[in-house]
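Chemist: Provided below are the primary sequence and the corresponding predicted coordinates.
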Amino acid sequence: MSTGSRFTDDGEPATEDQFYFDTRTGEVHRGPSGSWTHRMGPYPTREAAEKALETARERSDAWDEEERRERGE
């Protein structure tokens with residue numbers, strides 16, 4: 001299996017001591033694996049990676065709320 005990109009979403013080198021969530025399989029991996037198109041992370045702990053989708057949803061909701069406030073809604 002290809003390891004895909006060896007960089008994080010921020011362009012930093014991906015390291016083997018961080019955890020990543022695979023959106024296709026729902027599995028957490030230590031170190032980057034698979035295609036970057038299905039990878040969220042890095043996260044400092046396995047537990048944080050397991051909550052990747054929940055964290056993303058919470059952040060998206062907060063950004064949506066901030067945009068509504070800025071528009072005066």
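Modeler: Yep, it's here. Residues are numbered from 1 along each chain as shown.
Chemist: Now do the strands in the chain.
Modeler: 19-22, 28-30, 39-43 (DSSP state E).
Chemist: Pull the distance from the last one to the chain's centre.
Modeler: Spelled out, it's strand 39-43. Chain-centre distance of strand 39-43: 4 Å, with CA atoms, centre = their mean, to the nearest Å.
Chemist: Who does it pair with, and is each partner parallel or antiparallel?
Modeler: Strand 39-43 has its sheet partners listed here by DSSP bridges as strand 19-22 (antiparallel).
Chemist: Any idea what the residue nearest to Glu27 when sequence neighbours are not counted is bridged to?
Modeler: Leaving out its chain neighbours, the residue that sits closest to Glu27 by CB to CB, 6 or more residues apart in numbering is Phe21, at 7.7 Å. (Each C-beta comes from the backbone N, C-alpha and C, glycine too.) Beta-bridge pairing for Phe21 (DSSP bridges): Val28, Met40.
Chemist: from memory Phe21 sits against Leu53, does it?
Modeler: Yes. Contact criterion CB atoms under 8 Å: Phe21 and Leu53 qualify, at 7.3 Å.
Chemist: count of residues packed around Asn73?
Modeler: Careful, residue 73 is Glu; it's not Asn. Neighbours of Glu73 under the rule other CB atoms under 10 Å: 7.
Chemist: again, but for Arg71
Modeler: Neighbours of Arg71 (other CB under 10 Å): 7.
Chemist: now Met40
Modeler: Around Met40 there are 18 residues (other CB under 10 Å).
Chemist: and it, how far is that from Glu70?
Modeler: Counting by CB to CB, to the nearest Å, the gap from Met40 to Glu70 is 27 Å.
Chemist: Over to Arg59?
Modeler: Counting by CB to CB - Arg59 and Glu70 are separated by 16 Å.
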